[in-house]
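In: When you get a sec, could you give me coordinates for this:
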Amino acid sequence: MTAADPFTEEIIKDKLGAIADEMGVVLARTSMSPVVYEVLDFACGLADHEGQVIAQTNGITVFTGTFRPQIESVLRKFGAENLQASDIYVTNDPYAGATHICDICLMAPIFEAGELLGFAVSITHWVDIGGGMPGSIPPDATEIYQEGLLVPCLLLARAGHVDQGIVDILRANVRLPRMALGDLHAGMAAVSIGERGVQELCRRYGIGALSGATASLLEQGERLSRTEIASIPNGVYAAEDAIDGDGISDDPIPIRVVVTVLEDSMQVDFTGTSPQVKGPVNCARGALESACKTVFRAITAPQAASNEGAFRPFEVICPPGTVFTAERPAPTGWYYESTAFATELVWRALAPVLPHKLGAGSYVSVCATYVVGPEEDGTDVWVLVEPNNGGWGADRELDGESGLISSIDGDTYNFPAEVIESRFPLRVDQYALAVAHGTGAGRRRGGFGLVRDYRILDERGAMSFGSMGGWRRRPWGLEGGREGTNNCIEYVHADGTTSRHGRVKKDVRAGDVVRIVTGGGGGHGDPREREPEHVAADVLDDYVTVQEAAEVYGVVVDSVTGAVDERATADMRAG
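Out: Next comes the predicted model:
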């Protein structure tokens, strides 16, 4: 069978998506790391023989855009003619398409009848990959070598036989070898599932049918993107912002973008952005391009299955050596800070001309938090690593979402409190909305961030560190909407002293509280145009105080009944 009818073609397309989903299920269920099976800090998918993504599962959004450059690193180094069935390649090199060195990428070439059809890919966040401190993402790193074991593109398994030397090197360089090797085998199982699934598909429908369906899939993605771009007004749109320091210095890091929209294509140009910095907020080009693809999908066809064809009309330009295109040996441990800000920057540039798709500024940062300490037997460590949700900006029609994950983190979660308390010597004292005065006030109100308290229970103490981008810069409002609120880490010590930080590394003792506060999103429109009944509902929900309702929204609400005094409200708004 050399070609498929349209119905069979659609079946093949859906089957490719199902194979990618099965890879993700296998990875999550066989992983030994809670950041994988609870948080879903991974990505799986399939690519064609050139590395073009044709199917992916949910997980970390920013990972899937790095599939192609990492596959291309395999092809450059080894050559397609030297790949074999059941090979598996491994890398975590940010300068060869990866994100940071905690994210281990496994790639398996897929052969049928001696023909290279494509690749199965899995990327998994390892809780530890060595380096200067548990968790492998020191906030004060000044070179990538301090962040852990850098794995160049290597042949991990040849024709199904694992290179034990590479495994031994990995085991010897990580603090949690049992967990790390468990996750390694989970990733290998995932790519093996992908390999077998595509081979079975070929045997059922034929290589020609698969190739035709893949080509159609990519063309469909391109056509859909070009159609959506055509609905955006042609023009040049710019935005500027600043990243809140790099962990070494608190000096703001200026960033800028110019977005050019033509009839059916789009270009984003980050020329003029700050050079790479000393601290670990840099990202390399592969992570930048992947992050930009996230926002591109948000404004074209976010509900459609993603594939490389969807990005053919999209180009990312950025000179080498910037904070978005860092070069060796710049640290990239907190790459998700720069990629999140890059995404938000493109969002900000286009929001005024896409009011029906893009809202005001969000809390932006992944707000990644680490709490680490020694195990009871003293031979190991425990590591809690967690992204934190926050508030998104409002748009013309709706209030912003509260407690939603950062844009680049896709379909991930944070830990349930019960899991934290069962696995770590911590207690979650509170987990609540971070309702702050004036959060993103507007005709449509910004969403609220969250506050989460970890109380240290281990008498031997622990170490806490994190990176909270947006701890100085606030989420922006639109069309008269007010700014949102900041992210921060607070330390409430047992002696009663309290300190507040953005990026920090700090020892904590039993009884201390590590408090994570994420920001609220920006508002949309004049607050005094918000419907009085909506303001009253916010008062009843304890989102807005009676005083704030009057001062910010111009609405007089009875503090006892919650009813709106319509005459007093009209007089206040008229004045």
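In: Let me know the secondary structure of Gln70.
Out: Under DSSP: H, G, I helix; E, B strand; the rest coil, Gln70 falls in the helix class.
In: what about it, neighbour count?
Out: Other residues lying near Gln70 total 28 when counted by other CB atoms under 10 Å. In short, each C-beta sits where N, CA and C put it, glycine included.
In: residues touching the closest residue to it other than its chain neighbours, list them.
Out: Nearest non-adjacent residue to Gln70, counting by CB to CB, 6 or more residues apart in numbering: Gly97, 4.2 Å away. Each residue near Gly97 by CB atoms under 8 Å, 6 or more residues apart in numbering is listed here: 66, 68-70, 72-73, 284, 286.
In: Compile these into JSON lines and extend it with columns for pLDDT and distance to Cys105.
Out: Below are those laid out as JSON lines (pLDDT from 0 to 100; distance: CB to CB, whole Å):
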{"residue": "Thr66", "pLDDT": "91", "distance to Cys105": "7"}
{"residue": "Arg68", "pLDDT": "94", "distance to Cys105": "11"}
{"residue": "Pro69", "pLDDT": "94", "distance to Cys105": "10"}
{"residue": "Gln70", "pLDDT": "96", "distance to Cys105": "5"}
{"residue": "Glu72", "pLDDT": "96", "distance to Cys105": "12"}
{"residue": "Ser73", "pLDDT": "95", "distance to Cys105": "9"}
{"residue": "Ala284", "pLDDT": "95", "distance to Cys105": "13"}
{"residue": "Gly286", "pLDDT": "94", "distance to Cys105": "10"}
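In: Which single one of these is nearest to Glu533?
Out: Checking the contacts of Gly97 against Glu533 by CB to CB gives Thr66 as the nearest, at 46.9 Å.
In: residues near the closest one, how many?
Out: Count around Thr66 with other CB under 10 Å applied: 28.
In: There's contact between it and Ile123 in this structure, I believe.
Out: Yes. Under the criterion of CB atoms under 8 Å, Thr66 makes contact with Ile123 at 7.2 Å.
In: Which parts of the stretch 201-350 of the chain are strands?
Out: For the stretch 201-350 of the chain, strands defined by DSSP state E, counting those that start in this stretch occupy the ranges 235-243, 253-261, 266-269, 314-317.
In: what does the first one rub up against?
Out: Right, strand 235-243. By CB under 8 Å, 6+ apart, the residues outside strand 235-243 that reach it are 252-261, 274, 281, 323, 337-338, 341, 344-346, 348-350, 352-353, 469, 473.
In: which helices and strands does the lowest-mean-pLDDT helix or strand in the chain pack with?
Out: When the helices and strands of the chain are scored by mean pLDDT, DSSP states H and E, helix 61-64 comes last with a mean of 79. Helix 61-64 sits against strand 42-48, helix 285-299, with contacts defined as 3 or more CB pairs under 8 Å, 6 or more residues apart in numbering; DSSP states H and E.
In: Of those, flag the one that's most buried.
Out: strand 42-48 (a mean of 29; mean count of other CB atoms under 10 Å).
In: Pull the distance from it to the chain's centre.
Out: 16 Å (CA atoms, centre = their mean, to the nearest Å).
In: partners of that strand, with directions?
Out: Strand 42-48 sits in its sheet next to strand 53-56 (antiparallel), strand 115-125 (antiparallel), going by DSSP bridges.
In: In a markdown table: these, plus distance to Thr497 and mean pLDDT.
Out: Compiled in a markdown table, those are given as follows (distance: least, CB to CB, whole Å; pLDDT from 0 to 100):
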| stretch | distance to Thr497 | mean pLDDT |
| --- | --- | --- |
| strand 53-56 | 47 | 94 |
| strand 115-125 | 34 | 96 |
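In: closest one to Glu375 among those strands?
Out: With CB to CB, the closest approach to Glu375 among these belongs to strand 115-125: 20.7 Å.
In: Of the strands paired with strand 42-48, which is nearest Glu219?
Out: strand 53-56 (11.6 Å).
In: what does that closest one contact?
Out: By CB under 8 Å, 6+ apart, strand 53-56 touches 16-17, 19-20, 43-48, 64, 67-68, 118, 214, 217-218, 305-308.
In: Run the chain-centre distance for it.
Out: The answer for strand 53-56 is 18 Å, by CA atoms, centre = their mean.
In: Would you mind writing the CA trace of that strand as CSV?
Out: Extracted in CSV, the C-alpha atoms of strand 53-56 (Å, rounded to 0.1, in the frame of the first residue of the first chain):
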residue,chain,number,x,y,z
VAL,A,53,7.8,17.0,15.4
ILE,A,54,4.7,15.2,14.2
ALA,A,55,3.0,14.3,17.5
GLN,A,56,3.5,15.1,21.2
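In: In that strand, which residues are buried?
Out: 53-56 (16 or more other CB atoms under 10 Å).
In: Using a markdown table, lay out those together with distance to Glu386.
Out: Output for the buried residues of strand 53-56, formatted as a markdown table (distance: CB to CB, whole Å):
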| residue | distance to Glu386 |
| --- | --- |
| Val53 | 28 |
| Ile54 | 32 |
| Ala55 | 29 |
| Gln56 | 23 |
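In: farthest pair in these?
Out: Every pair of the buried residues of strand 53-56 checked by CB to CB; the farthest is Ile54 and Gln56, at 8.5 Å.
In: which residues of the chain fall in helices?
Out: All helices of the chain, identified by DSSP state H, fall at 6-30, 34-37, 61-64, 67-78, 164-173, 177-205, 207-229, 285-299, 335-350, 417-423, 532-540, 546-551, 566-574.
In: Going by neighbour count, list what's buried in the longest one.
Out: Judged by neighbour count (16+ other CB under 10 Å), helix 177-205 contains these buried residues: 177, 179-184, 186-199, 201-202, 205.
In: tell me which strands and helices it is in contact with?
Out: Contacts defined by 3+ CB pairs under 8 Å, 6+ apart place helix 177-205 against helix 6-30, strand 42-48, strand 103-112, strand 115-125, helix 164-173, helix 207-229.
In: report the angle between the axes of that helix and helix 164-173?
Out: Orientation check (axes from the mean of the first three to the mean of the last three CA atoms, to 10 degrees): helix 177-205 against helix 164-173 gives 140 degrees.
In: Report the residue spans of the stretch 1-150 of the chain with pLDDT below the cut-off.
Out: 1-3 (pLDDT under 70).
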